[in-house]
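> Everything below, folded, please.
(2 chains)
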2 protein chains.
Amino acid sequence: MKQTSIPPYVHEIDGEMWLIEDDRDNLKVSYRIKEMIYTAQSPFQHIMIVDTYDFGRMLVLDGVVQSTEQDGYIYNEMITHVPLHIHPHPKKVLIIGGGDCGAAREVIKYKQVEELYFCEIDELVVHASKEHLTGVSAGLEDERVRYLFADGIQYMKDHKNEFDVIIVDSSDPVGPATQLFEFDFYENVFHALKEDGLMVCQSESPLFYREVMENTYRSLQQLFPITKQYLAVVPTYPGGLWSFTLASKQYETFITPDFEQTTKYFNQEILQASFALPSFMKK
Amino acid sequence: MKQTSIPPYVHEIDGEMWLIEDDRDNLKVSYRIKEMIYTAQSPFQHIMIVDTYDFGRMLVLDGVVQSTEQDGYIYNEMITHVPLHIHPHPKKVLIIGGGDCGAAREVIKYKQVEELYFCEIDELVVHASKEHLTGVSAGLEDERVRYLFADGIQYMKDHKNEFDVIIVDSSDPVGPATQLFEFDFYENVFHALKEDGLMVCQSESPLFYREVMENTYRSLQQLFPITKQYLAVVPTYPGGLWSFTLASKQYETFITPDFEQTTKYFNQEILQASFALPSFMKK
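The predicted structure is shown next:
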């Protein structure tokens, strides 16, 4: 299924190649490309890895930037280290999505994690990332990782009372990820967690997709006794400011776990600070 | 000096007008324009105010977005409320730059401020903003504001031991603002402050202009006993994450001042959280 033709998101302007991210009607971001590394059409989406001048290599799905070597670690550290600094015994962890492998890489830095189930629907994204996006995915060779390559929606229906931590690392609520933002899915996540389990999901930009963020919070608040939102900066996502929603059955205080402290963004002060919300988000 | 022709930063594509911010070699951001509101060439720079779909009205200087109705308040609140939550008696405040009038508007929310000197080199930017960018500049009719329309570099050479708080709200270190990032200027700011005075300046993106940020910190650290950096998110600045540097002769603890609490981003938790720095900034 690999393509060699130039995908529609790549344009030649004055002899230079540019990736033009134009999924939004009113804002377009253009990245100058050093080299086209990989393109393929999977059964689920168009996959591209390009090397850019300012952000290094980038994973691009259906024309939308997902992760980059320059700033991908911020998102991946924040979606993993925050829940793993709250759950005191994260033995069995599940990641839904996260095909760039960056979240999985962070989770296995915790010695307490005995099994990491990695449920990404699109096998080709994982293979492409492991081969061509090593700045994000490297270091993931670990026998605790179980690759599933399955539909996270269905997987959640089939599993009950099994996981300590579930991390929903989805793309935007369009295409294959749409159902990962629906109440029924969150309800199944609730039941797939053990009685002291917790989950975290990316919940989009508080500036540009405020409705998605608010709906996520409201859905999870109906299911879990503890629901909180936190923020990080992701330069290559529109608006820069990005929200995550944490929903927990029992734990909410911060702990100091034993983990390989190689983070570039996350630290104890950032952990505390990420839960400080701007006034416009408190309403 | 007003122009009616279309400036070089505005392009017509498929019948739509787009502002293309292309000051950077490897990253271009394009904003769809609803309406061209104002363009002029001042003795210092090209000034433009456009109404855009996602960000409302925008002030654009030499093709670079400076402030928008949608997100300009984040920057303007963070460059003002942080120093004014540290200095306990800010009677005489100076703003250098800040032509969009947004920082000035925040400062006059403090009753303790008796005089606000507003030293912007380009009178035309202030007039254009007050007339056409009211979402950022409105509410500035206050008899405590003294407009100077002077060169901040020279103004700092001529004033000693005079101000409680100096806010350096400059544009990027290109064009008219270059000297506002140099050691000589900071030295003059030090001397223009009273013996318990403090200053704050915007110090660019920690991701894309790290050298500027680090140089600013090092210069101020040589002059002031207390130097700290803090962060905010500014979606329309490249990289989203933005740094500010605070340098103080005496005060460094947070206070709870009496001010008109109408902020949309800033609050006490954000104040604390903004000083938490990512691991890559701590080195």
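> what about the residue of chain A found nearest chain B, neighbour count?
Across chain A, the shortest distance to chain B (CB to the nearest CB) belongs to A:G240, at 2.0 Å. Placement of C-beta: from N, CA and C, glycine included. A:G240: 23 surrounding residues under other CB atoms under 10 Å in any protein chain shown.
> Can you give me every residue that contacts it?
A:V233, A:V234, B:V233, B:V234, B:P235, B:G239, B:G240, B:L241 (CB atoms under 8 Å, 6 or more residues apart in numbering or on different chains).
> For the closest residue to the last one other than its chain neighbours, give its distance to A:I96.
The reference is to B:L241. Computed as CB to CB, 6 or more residues apart in numbering or on different chains, the closest residue to B:L241 that is not its neighbour in sequence is A:V233, at 4.4 Å. To A:I96, A:V233 is 24 Å away according to CB to CB, to the nearest Å.
> cool, and A:G135?
23 Å.
> the more surrounded of the two?
A:I96 (29 against 15).
> Contact partners for the closest residue to that one other than its chain neighbours?
In this structure, A:I96 finds its nearest non-sequential neighbour in A:G152, 3.7 Å apart by CB to CB, 6+ apart. By CB under 8 Å, 6+ apart, A:G152 lies in contact with A:I96, A:G97, A:C119, A:I121, A:V168, A:L180, A:F185.
> okay, how far is it across stretch A:225-244, tip to tip?
End-to-end span of stretch A:225-244 (CA to CA, to the nearest Å): 17 Å.
> just stretch A:101-112 next, same as before
One end of stretch A:101-112 sits 19 Å from the other (CA to CA).
> and that stretch, which residues are buried?
Residues of stretch A:101-112 classed as buried: A:C101, A:G102, A:A103, A:A104, A:R105, A:E106, A:V107, A:I108, A:K109, A:Y110 (neighbour count, 16 or more other CB atoms under 10 Å in any protein chain shown).
> so where's chain A shaky on pLDDT?
In the predicted model of chain A, residues A:1-5, A:283 satisfy pLDDT under 70.
> And stretch A:224-243, what's buried?
Using 16+ other CB under 10 Å as the test for burial, stretch A:224-243 gives A:224, A:227-243.
> now stretch A:38-47, how far from the centre of its chain.
On the basis of CA atoms, centre = their mean, to the nearest Å, stretch A:38-47 is displaced by 18 Å from the centre of the chain it belongs to.
> again with stretch A:147-166
Worked out by CA atoms, centre = their mean, stretch A:147-166 lies 16 Å from the chain centre.
> picking that back up, which one of the contacts of A:G240 is nearest A:P90?
A:V234 (23.8 Å; CB to CB).
> ok, now which ones touch that closest one?
Here A:V234 is in contact with A:D71, A:I74, A:Y75, A:G240, A:W242, B:G240 (criterion: CB under 8 Å, 6+ apart).
> And it, how far from B:K282?
From A:V234 to B:K282 the distance is 20 Å (CB to CB).
> rewinding a little: what's the closest of the contacts of A:V234 to A:E269?
A:I74 (14.9 Å).
> Backbone torsions only: list them for the closest one.
phi -60, psi -50 (degrees, to the nearest 10).
> secondary structure class for the residue nearest to it when sequence neighbours are not counted?
For A:I74, ignoring the flanking residues on the chain, the nearest one in space by CB to CB, 6+ apart is A:Y265 at 4.5 Å. Under the three-state scheme (DSSP: H, G, I helix; E, B strand; the rest coil), A:Y265 adopts coil.
> next one: A:T227
Applying three-state DSSP: A:T227 is strand.
> Which helix or strand contains the nearest residue to it once chain neighbours are set aside?
Counting by CB to CB, 6+ apart, A:Q221 is the residue found nearest to A:T227 once chain neighbours are left out, at 4.4 Å. In this assignment (DSSP states H and E), A:Q221 forms part of helix A:210-223.
> Up against chain B, what does the stretch 51-200 of chain A have?
A:T52, A:Y53, A:D54, A:Q70, A:D71, A:I74 (CB under 8 Å from any CB of the partner chain).
> residues of the helix or strand where A:M48 lies that come out buried?
Using DSSP H and E, A:M48 falls within strand A:46-52. Residues A:H46, A:I47, A:M48, A:I49, A:V50, A:T52 are the ones in strand A:46-52 that count as buried (16+ other CB under 10 Å).
> Throw those residues into a markdown table and include distance to A:S129, thanks.
A markdown table is the format used below for the buried residues of strand A:46-52 (distance: CB to CB, whole Å):
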| residue | distance to A:S129 |
| --- | --- |
| A:H46 | 15 |
| A:I47 | 9 |
| A:M48 | 12 |
| A:I49 | 8 |
| A:V50 | 13 |
| A:T52 | 16 |
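> Just give me the closest of these to B:L148.
A:T52 (43.3 Å).
> which residue sits closest to the closest one in space, ignoring its chain neighbours?
A:Y31 (4.5 Å).
> All the strands of chain A, residue numbers only.
A:10-13, A:16-21, A:27-41, A:46-52, A:56-61, A:64-68, A:92-97, A:115-119, A:145-147, A:163-169, A:193-202, A:226-233, A:241-248 (DSSP state E).
> mind putting those in CSV, distance to A:F254 included?
As requested, these are exported to CSV (distance: least, CB to CB, whole Å):
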stretch, distance to A:F254
strand A:10-13, 44
strand A:16-21, 35
strand A:27-41, 35
strand A:46-52, 36
strand A:56-61, 31
strand A:64-68, 26
strand A:92-97, 18
strand A:115-119, 22
strand A:145-147, 26
strand A:163-169, 15
strand A:193-202, 13
strand A:226-233, 12
strand A:241-248, 12
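> A:M281 is in contact with A:S205, isn't it?
No. Proximity of A:M281 to A:S205 does not meet the contact threshold set by CB atoms under 8 Å, at 11.3 Å.
> which neighbours do these two share?
In contact with both A:M281 and A:S205: A:S243, using CB under 8 Å, 6+ apart.
> Isn't A:I166 up against A:M199?
Yes. Using CB under 8 Å, A:I166 makes contact with A:M199 at a distance of 4.3 Å.
> Please parse chain A into its domains.
A:10-68, A:72-282 (automatic domain parsing).
> Is it possible to get JSON lines of these that adds distance to B:L61?
What follows is the domains of chain A, written out as JSON lines (distance: least, CB to CB, whole Å):
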{"stretch": "domain A:10-68", "distance to B:L61": "20"}
{"stretch": "domain A:72-282", "distance to B:L61": "21"}
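> Any idea which of those domains gets closest to B:A128?
domain A:10-68 (23.0 Å).
> Okay, now that closest one: how far is its last residue from its first?
17 Å.
> Bridged to the residue nearest the centre of chain A, which residues?
Nearest to the mean C-alpha position of chain A, counting by CA atoms, centre = their mean, stands A:D169 at 3.2 Å. As for beta bridges, A:D169 partners with A:G97 under DSSP bridges.
> Contacts only, for it.
Counting by CB under 8 Å, 6+ apart, A:D169 touches A:I79, A:I95, A:I96, A:G97, A:G98, A:A103, A:C201, A:Q202.
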